Every structure is written in structure tokens, then in C-alpha cells.
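J.: quick one: sequence plus predicted model below, questions after.
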There are 2 protein chains.
Amino acid sequence: MKKFNVAVAGATGMVGRKMLEVLHERNFPVNNIYAFASYRSAGNKIKYGDKELTVEELTERSFDRKIDIALFSAGASTSLKFAPIAARKGTIVIDNSSAWRMDKLAPLVVPEVNPEDVKWNKGIIANPNCSTIQAVVALKPLNDKYKIKRIVYSTYQSVSGAGMGGYMDLENGYKGEPPKKFVHPIAGNCLPHIDSFLPDGYTKEEMKMVNETRKILHDESLRITATTVRVPVFYSHSESINVEFEKDFDIDELRDLLSNSPGVVVQDDPEKNEYPMPIYAAGKDEVFVGRIRRDNSVNSGINIWVVADNIRKGAATNAVQIAEILIKNK
Amino acid sequence: MKKFNVAVAGATGMVGRKMLEVLHERNFPVNNIYAFASYRSAGNKIKYGDKELTVEELTERSFDRKIDIALFSAGASTSLKFAPIAARKGTIVIDNSSAWRMDKLAPLVVPEVNPEDVKWNKGIIANPNCSTIQAVVALKPLNDKYKIKRIVYSTYQSVSGAGMGGYMDLENGYKGEPPKKFVHPIAGNCLPHIDSFLPDGYTKEEMKMVNETRKILHDESLRITATTVRVPVFYSHSESINVEFEKDFDIDELRDLLSNSPGVVVQDDPEKNEYPMPIYAAGKDEVFVGRIRRDNSVNSGINIWVVADNIRKGAATNAVQIAEILIKNK
């Protein structure tokens, strides 16, 4: 079997570390593996299975070596600068930042939803926003069968979505320490504010959900609105999703359809108090869907509750799955 | 000024104690005041301002004394049994349980919204569900002006809504102790499950929001759906509310309308990171509304974020405000 030279850029961050972990646990066929980060982390050691990698500073020369695939999770500005350099040297970049997601030359890919889009990449493939990934994994089979008319998203997002700083704000917040990453305390609180605000009052996070859902489902006219909220949960994002369909459905058939969809686990047995929850989704790669019920306020609508690990399926695992598509048949 | 004999039934619970506190802080004109609870709490002392009340067991004889107004927060089965007994003896019961809310002979009242309904009471006035109260305070002025077509509720409800047991589950959960009140851990988790499940997959809490909103706004045809979720917050419920109107609106005019509505405080300045949050709404009586923005996925829609203290405005304060209407002009 062919092996590949792989790099992780932003390797010391929460998602970067998880990318290395997921590459190893999924037995990605690695020849050489490199860990890149900012100069501040250069020289540090980082785990890759039983091995330790020495972190190298990410520079314009980093891609002079032959690197087949680079997983980036180093922030939008780093990605804007270094992803094109890597692509020009023949590396295919799978980028977890928001930098390239809406670029017309960059496919935005969730392997269970639009794997075919990987093909038309020009060297950069974008990994969607965490809250979008888990939503479209659940919505894709429903859109194929019943055609989505409108989506109302309300999210319950964990602090790890804001990286180690977000995580520490919650952990330290319960000890009474003021927040450093968030602008308000998150312990015992809900912050209806993720990423920065736009002039129309929406946050960038909310518009990511609107625009990325449209791009991934290949429907620019899809009617979508979103409210994104940070909650005092360490791992996994939860989403209350209200969907209106063009076509009518049978609710049992719809549930079966979800049960048989790739990457989806239906957890929906109220009598047994079984429904998706963030603490149980944490550490898993599937998207958990439950509370599936007809919305009687419209002709053909449902409410569902969707939970997934934002660091795994919402970031690292999705990126590695894209890499797996790239090397298929090579 | 006339003074009244007042009782609080369920006086040792979280809401009952707050009822006594709110009666005192709002200078309710009290002549005699009684604290009733189950036999287990009888003989205990409980605070009412600087005084201490001795808790009496709630029995069929409790209302043999002349009691003008009784605030009940003792659960639905206790209320079903004792509220009619009290009403027959001439006491007006303001009941915080779900027992009488949908009874055609019991008004369901939020003083800022439908104070006139107090008049037709037959001895029992129902206090709405906490999550409904804060929603209708915000929605009433909008319904009057723009006529609501459809509401999609997603809630972020605090553990105190489940009483002291819920509160302790969160506090102890962070020390690694298993939950006693909730069926799953709440620390670091979200539970899409409040009150019990109905055969159609909705919870009773969700249907309370649907049915009580209709009753309070006097519109049985109002199209409403809800997803109610417990989050690891001690006090205050938050709600992501998506509303579609019959009539179009100007978003600045709508914001002004909310700013001038009774019981509403608009907190909506994203540039200053100002929006409603549970830790700051706790201890207050107002309903805080922010993140007010047009929903571009429908013709005339908005998203708003509504936060209020569930024990105060969502329960105790609302009940005392109803009592204040009762004694006006007496």
C-alpha cells in the first residue's frame, strides 16, 4: 500500500493534536509525518501514537520537502498565508479555518454528504465549521428525500470550540476566576455570542451555518436562519434544528432513513430516556440524532436534536476523512 | 390601607421561599401570614423579612381560618386536592403548579400581558410555566402590533427550574457525584428532556409552552412548536425564539416597541458585547431581550434571545404581581 507524507499545521492546538491522534488511530498510511506550529512552539515534543514528533516552525520553506497532504488548523490568517504556498508546491491542504470555506475554488466537504466535491479541488479543500458539519450529516438524507424548504438552527456549543482558552475559562470559572478567552463568564452562563458580530446583528458563526449549509448541500436558495450560543459544556455541540420540507413524510419512515444514513446514529427512545447528549457524544465520531418529531405548526416540518463531538467529527475526524478520500485508489 | 391574610403553600421549596421573600420586599400589605408545607416540614422555621414563621402542615383544615390569598407552589397533585378546598372557603388561590393552567375555569395570568383575565377567576388563578412567562412578556407587544403567525421556541433552562434537587445535581455533579433528581448528569451536559414525555415525542414542558402561550395571548390557532432543554446553569432560563409575523415591520421600530413594553429590558448592543445572559438576569424581575434581528429566511420574521430569572419572574414574582392585581382598589 502506498504511504504518504503528511503534515499537521497548528499541531499544538486542541484540533491539531486531535488530528494527529485521529490519523494514528485510523491507521492513515503515513510515510513521513511533520508537526508545524508557530515559532513559540517550535522544538516542543508532541505525540503521534507511540512516537514523539518535534514541532517545527511553520515557514514558507516548510513545504519545500515533498508533503502530499497537510491538515491545517492554525487560524484563518495563517491559513490565508501558508495554504497557497503549500498548494503551489503540490501539497493538498485540508484547512480547518474559515479562510477558504466560501472560496469558489475551494470545495467545502463533509465526506458523508458531498465526497464528490473533493475531486475539483485546486490544492485547498476546506473543512466546514464544526456546527455546520454535524447539522448537514443529519440533514443531507432528509434533503435528498423530502427537499428542505427552511431551517431554523439554535445551537448549544461547547467551550472547546474556542480552543484550550475556552476550555480553561470554563474549568477556572467554576473556581471563581474571571474569563480570559470569552468576554463574559461562561461557568453557569450562556453566551449568545460566538465569533464576531456583523453589522446586521448576526454573528459570523451564525452566518457560517447559513452559508456553509447552502454550499455543502448545493442549494444557494435554501432558506436558513441561525442563533448560535455558547453553553457551559466542555465537549460536543448540541443543536435544536427545526426543518420545513417541500414534500410530506411519514415520521417512522423519516426515522428509518436517518438510522440508515452514513455517519448518523439515531438515539431516540424517550421511554428509556434515550436521546443524544454532549457528555456521551464526546470522544465519538458519529453524529447523534434524537427527539425526532413532527412539528405540527407547519405542513411538513420536524424538530430534531443533533449532537456530535466538535473536536472530532466537527474538526479533526472530518479532515482526516477528507484525506482518506484523497488517497483512495492511489 | 387594607391588609390581607396571606398563605404560602409549599413554603419550604425553592419557589415557596422566594414567594415569601418577594411578598416582603414588595411590601405586600400583609395582616397575618402563614407558611404551609407537607407534614415532614411542619414545625420548621422559615424567614419572612426579619420574622420567622413556623411551618404548618397543609391539611383540609388549613383554610378554616380566614385567608384572603394563598400562593401555592406545592406540586400539581397537592394543588389539585387543596386549591378547590381553599377556594370553597373563600380564599383566592394563585397556583404555580401545572394543575389548573389549562382549566377553562382558571385564568392563566401574566400581569404585563393579560391582567384583565384575573377578573373572571372562580377562586383559582394559575401562574404559567416559567419558560412561558418570559416568552409572552416579550411576545405580547409584538403580537399586538404585527400579529404573530408562528413561533419556534428553543430553550436553555436552568437547573433551579427543577427545584433544590436540580440545583444540587449541578453543584454536586461538578464534584463527580451522580445525579439524584435528573435521569442523566447535568454538569457539563445538556438534557433535551424537561418534565415527562408524551406519546407523540414531545415533552410536557414543550406542550406547556405551546398551549399556555395560546391561552395567555388569547389565540388558540397560534402556530407554535418548542424544544425545551436543561443546561448547566443555576438560575435563569434563556430562550432562542424565532417568530414569523403576519404584518411587516421596521426592525428599529420593533426594537423601540420592545424597549417601551412593560416588564421588558432591551439589552442589545453587540458592539459593546451587550446581550441578555442568565448570570446577570438572576435576581432580577424583568425579562431581558436582545439579539433582536430580522430573519431573512421568511418574509416577516425575527430572531430574539430572551432571558429571565425563572424563580422570580418565572414563578414567585409573577404570582405576587397577580396578588397585587387582586388587592387593587380593595
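T.: Yes, it's here. Numbering: from 1, shown residues only, chains lettered A, B, ... in the order given.
J.: would you map the strands across chain A?
T.: A:4-9, A:30-37, A:45-48, A:51-54, A:56-57, A:69-72, A:92-95, A:124-126, A:148-156, A:223-227, A:237-245, A:264-266, A:287-295, A:301-308 (DSSP state E).
J.: what helices or strands is the fifth one leaning on?
T.: Pointing back at strand A:56-57 there. Contact analysis of strand A:56-57 by 3 or more C-beta pairs under 8 Å, 6 or more residues apart in numbering or on different chains; DSSP states H and E lists strand A:30-37 as its packing neighbours. Just so you know, the C-beta spots here come from the backbone N, C-alpha and C atoms, and that holds for glycine as well.
J.: what angle separates the strand it packs on from strand A:4-9?
T.: 10 degrees (axes from the mean of the first three to the mean of the last three C-alpha atoms, to 10 degrees).
J.: before we move on, back to that, switch the strands of chain A over to a markdown table; also include mean pLDDT and mean neighbour count.
T.: Converted to a markdown table, the strands of chain A look like this (pLDDT from 0 to 100; neighbours: other C-beta atoms under 10 Å in any protein chain shown):
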| stretch | mean pLDDT | mean neighbour count |
| --- | --- | --- |
| strand A:4-9 | 98 | 24 |
| strand A:30-37 | 98 | 20 |
| strand A:45-48 | 96 | 15 |
| strand A:51-54 | 97 | 13 |
| strand A:56-57 | 98 | 17 |
| strand A:69-72 | 98 | 28 |
| strand A:92-95 | 98 | 26 |
| strand A:124-126 | 98 | 26 |
| strand A:148-156 | 98 | 24 |
| strand A:223-227 | 98 | 24 |
| strand A:237-245 | 98 | 25 |
| strand A:264-266 | 98 | 20 |
| strand A:287-295 | 98 | 24 |
| strand A:301-308 | 98 | 27 |
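J.: nearest to residue B:216, out of those?
T.: strand A:287-295 (21.1 Å; C-beta to C-beta).
J.: give me the contact list for that closest one.
T.: Contacts to strand A:287-295, defined as C-beta atoms under 8 Å, 6 or more residues apart in numbering or on different chains, come from residues A:133-134, A:137-138, A:242, A:244, A:251, A:254-255, A:258, A:263-268, A:270, A:274-276, A:280-281, A:301-308, A:313, B:192, B:200-202, B:225, B:227.
J.: run the chain-centre distance for it.
T.: 20 Å (C-alpha atoms, centre = their mean, to the nearest Å).
J.: how does chain A divide into domains?
T.: A:4-128+A:315-327, A:131-309 (automatic domain parsing).
J.: for the shortest one, the distance to its chain's centre please.
T.: Pointing back at domain A:4-128+A:315-327 there. Worked out by C-alpha atoms, centre = their mean, domain A:4-128+A:315-327 lies 14 Å from the chain centre.
J.: cool, and the longest one?
T.: The chain centroid and the centroid of domain A:131-309 are separated by 11 Å, computed with C-alpha atoms, centre = their mean.
J.: distance between the ends of that domain?
T.: Start and end residues of domain A:131-309 are separated by 10 Å (C-alpha to C-alpha, to the nearest Å).
J.: show me what from the stretch 101-250 of chain A comes close to chain B.
T.: Within the stretch 101-250 of chain A, the positions near chain B by C-beta under 8 Å from any C-beta of the partner chain are A:150-152, A:154, A:156, A:174, A:183-185, A:188-193, A:197, A:200-202, A:223-225, A:227, A:229, A:231-234, A:238, A:240, A:242.
J.: do that again at 6 Å, thanks
T.: By C-beta under 6 Å from any C-beta of the partner chain, the part of the stretch 101-250 of chain A that sits against chain B consists of A:150, A:152, A:154, A:156, A:174, A:183, A:188-190, A:192, A:197, A:201, A:223-225, A:227, A:231-234, A:238, A:240, A:242.
J.: quick check: residue A:226 vs residue A:214, distance?
T.: 12 Å (C-beta to C-beta, to the nearest Å).
J.: contacting residues for the closest residue to chain B within the stretch 1-150 of chain A?
T.: Closest residue of the stretch 1-150 of chain A to chain B, C-beta to the nearest C-beta: residue A:150 (5.4 Å). Residues near residue A:150 by C-beta atoms under 6 Å, 6 or more residues apart in numbering or on different chains: A:223, A:244, B:297.
J.: what ranges do the helices span in chain A?
T.: For chain A, the helices defined by DSSP state H occupy A:14-25, A:76-88, A:130-146, A:163-173, A:204-216, A:251-259, A:278-281, A:317-327.
J.: my read: residue A:89 touches residue A:63, true?
T.: Yes. Applying C-beta atoms under 6 Å as the test, residue A:89 and residue A:63 come out as touching, 4.2 Å apart.
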